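Peer 1: sequence isn't available, so here's the structure alone:
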């Protein structure tokens with residue numbers, strides 16, 4: 001088989017500028033995808049940002065708040081970091097100063113940070129190492145009847161959730177039983193129909209054999225009668 005034409009066409013295609021431009025674009029896309037996945041893996045620490053708004057009240061931000069450890073220099077649209085110092089940055093690029101292992105809290109079952117920002121510059125963030133909760137003593141002043149009512153409500157809610165789950169499981173079991181029974185019934189009906197067709201075919205064959213034998217007997221009788229009549233009229 002002559003492959004010189006294919007080889008020449010392939011060589012000509014490889015020497016075109018369009019091929020190298022496409023290859024370069026493909027490599028750039030692969031590099032961007034690699035750096036993006038790497039940055040996404042680094043940004044794995046959940047963050048809660050609290051902003052004091054006065055009178056002991058807070059503005060709390062949790063939506064899309066992630067952070068991680070990066071090198072001190074960023075380039076390539078913030079996707080590549082390099083340098084000798086490790087610093088903690090948020091997803092939006094802001095730096096959290098003075099982060100240590102003692103600053104982590106449990107956020108949705110993962111180690112995370114609660115940070116606060118400077119009132120003069122929102123780009124300056126610092127971790128909150130401990131939190132003091134106030135007004136918790138109100139739980140001690142709740143009347144016993146209200147506590148019992150709350151306990152009863154919790155128990156009823158738990159029982160209702162359990163009953164709902166049980167009813168749902170029973171429905172699934174019933175539907176599964178119906179489906180399995182339907183499959184078994186279809187298989188049995190198919191086998192019965194096949195067996196009935198086989199028996200009907202055998203009966204038809206037997207009837208055909210009996211009819212053939214009867215026909216042979218009748219024909220032999222006609223033959224003997226004809227021979228008798230012929231011998232009686234012969235001179």
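Peer 2: Received it, and whenever you're ready, just let me know what you need. Only a predicted model underlies this, so the values are computations on that prediction, with no experimental measurement involved.
Peer 1: CA only for contacts and neighbour counts going forward, please
Peer 2: Will do.
Peer 1: which parts of this structure are helices?
Peer 2: Listed in chain order, the helices of the chain (DSSP state H) span 4-14, 17-42, 144-233.
Peer 1: any idea which of the ones you listed scores lowest on pLDDT?
Peer 2: Of all those, the minimum mean pLDDT falls on helix 4-14 (a mean of 60).
Peer 1: so what's residue 42 up against?
Peer 2: Residue 42 sits next to 67, 68, 69, 70 when contact means C-alpha atoms under 8 Å, 6 or more residues apart in numbering.
Peer 1: so the last one touches residue 91, yeah?
Peer 2: This points to residue 70. No. Using C-alpha atoms under 8 Å, residue 70 makes no contact with residue 91, being 10.9 Å away.
Peer 1: which one's more surrounded, the two?
Peer 2: Shown here are residue 70 and residue 91; by other C-alpha atoms under 10 Å, residue 70 has more neighbours (22 against 17).
Peer 1: what sits against that one?
Peer 2: With C-alpha under 8 Å, 6+ apart, residue 70 has these contacts: 42, 81, 82, 86, 87, 88, 89.
Peer 1: quick revisit: now, the contacts of residue 42 that are in strands?
Peer 2: Using DSSP state E, the members of those that fall in strands are 67, 68, 69, 70.
Peer 1: and residue 35, how far from residue 169?
Peer 2: 46 Å (C-alpha to C-alpha, to the nearest Å).
Peer 1: so for those two, which residue has more residues nearby?
Peer 2: Comparing residue 35 with residue 169 by other C-alpha under 10 Å, the one with more neighbours is residue 35, at 17 against 12.
Peer 1: now the closest residue to that one other than its chain neighbours. Its backbone dihedrals?
Peer 2: Leaving aside its sequence neighbours, residue 35 sits nearest to residue 79 (C-alpha to C-alpha, 6 or more residues apart in numbering; 5.7 Å). Dihedral angles of residue 79 (phi, psi; degrees, to the nearest 10) stand at phi -90, psi -20.
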